[in-house]
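J.: With the sequence up front, the predicted model follows.
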Amino acid sequence: MRVLYHGNAARGRNWQEAVSRALPQVRFECWPGAGDLTEIRHVVAWTLPDELIAALPNIEVLFSVGAGIDQLDIARLPPGLRIVRMIEPGIIGTMADYVVMGVLALHRDLPFHISEQRAGRWTWRNVSPANECRVGVMGLGELGRAALAKLALHGFRLSGWSRSQHQAEGVECFAGDEGLVPFLAQCDILVCLLPLTSETRHILNRTTFAAMPRGGRVINAARGGHLVQEDLLAALDRGQLAAAMLDVTDPEPLPAGHPFYSHPAIILTPHVAGITRTDSAVHSLIDNLARVLKDEPLVGEVDRSRGY
Ligand code: NAP
Ligand code: GLV
């Protein structure tokens, strides 16, 4: 079986060696430089440029190197193409750490304290314990569940919202459209870990913020397209929200001078929350390639009709 890799060259060489060692029957080739592409059926990539799509008439499975797949323009891909997202401990662990960092930072008023420090002021603010703070996670998938498990170690009061009903020990679970407002009404800190789909685009908007308790905080570690930027700025101005932490924006990077760079109540990071680790992700890829060889179900296959 031939597998074509498109992406970071150093990672490509590393994965080529690891895949060849684990699965000698797989020929792992890096683009550019691979031979005749017309017979390639399995591709590993973050996204596919048009020229590559055109050169791959027999592509059957696309393995994303990331957890999300919204970077792919699905409408341009062949209708029968199977898409598999990356589920691997590197992304999951770094994301859970990021969410814990963000929740602690917002719970302990870090944006306010940093802004006071910069202004040369020594301003005391009341401190409340973690078990008085209600944290709600939108999305109870691989990342949402891992984040909640790490947040539980700090004693926060936890809830989650998803499309279908979930059950998780120590987490109050809400689901669907009818569960959204009751969920938001009890979120002091709201964390977005949803996939970006036509249903979730712009879900972090003025109506959502208005449904939260006044003075709430928001963390978006999913995709920039989830947030209506003007609504966040307006909610911060009005005091409906007290602070936000954003790892993702639309576009990325934001243009110079964008208000998010300098807003005292916003912490901005450059899409570093959950990072695919070359050394751990290759094991997930090898496992899936072995499944292809055995004609077994693939781990992380996307339901194209749902968009995630
Ligand atoms: P996942 O395992 O597919 O989980 C998605 C969760 O979202 C599921 O619980 C799903 O509900 C829920 N959901 C989807 N559509 C919904 C809707 N319309 N209403 C309510 N809930 C909905 O995804 P994941 O691996 O946790 O990753 C989530 C996202 O994180 C990725 O898609 C990516 O965009 C983002 N991400 C960001 C970074 C970063 O560095 N910032 C890194 C990695 C990933 P059900 O359980 O009911 O299906
Ligand atoms: C990163 O954003 C990913 O989707 O893995």
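T.: Happy to help now that I have it. Ligands and ions are numbered 1, 2, ... in the order given.
J.: give me the residue from the stretch 51-200 of the chain nearest ligand 1.
T.: Closest residue of the stretch 51-200 of the chain to ligand 1, Cβ to the nearest ligand atom: Gly141 (1.7 Å). Bear in mind the C-beta positions are built from the backbone N, C-alpha and C, glycine included.
J.: Surely that residue touches Leu193?
T.: Yes. Under the criterion of Cβ atoms under 8 Å, Gly141 lies in contact with Leu193, with a separation of 7.1 Å.
J.: Compare those two (neighbour count), which wins?
T.: A count of neighbours by other Cβ atoms under 10 Å puts Leu193 above the other of Gly141 and Leu193, at 28 against 18.
J.: need the contact list for the more buried one.
T.: Counting by Cβ atoms under 8 Å, 6 or more residues apart in numbering, Leu193 touches Met95, Val99, Val137, Met138, Gly139, Gly141, Leu143, Gly144, Ala147, Ala221, Ala222.
J.: Once you drop chain neighbours, what's closest to the first one?
T.: Beyond its immediate neighbours in the sequence, the residue positioned closest to Met95 (Cβ to Cβ, 6 or more residues apart in numbering) is Gly274, lying 3.2 Å away.
J.: Is that neighbour located within a helix, as I assumed?
T.: No. Using DSSP: H, G, I helix; E, B strand; the rest coil, the assignment for Gly274 is coil, not a helix.
J.: Could you pull up the contacting residues of it?
T.: Listed by Cβ under 8 Å, 6+ apart, the contact set of Gly274 reads Ala67, Ile91, Ile92, Thr94, Met95, Tyr98, Leu143, Ala221.
J.: try 10 Å
T.: By Cβ atoms under 10 Å, 6 or more residues apart in numbering, Gly274 lies in contact with 66-68, 88, 90-99, 142-143, 146-147, 193, 221-222, 247.
J.: Give the full set of residues in contact with Ser262.
T.: Going by Cβ under 10 Å, 6+ apart, Ser262 touches Leu268.
J.: returning to that earlier point: select only the buried ones of the contacts of Gly274 in ChimeraX?
T.: Listed next is the ChimeraX selection for buried residues among these, using 16 or more other Cβ atoms under 10 Å:
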select :66,67,68,88,90,91,92,93,94,95,96,98,99,142,143,146,147,193,221,222,247
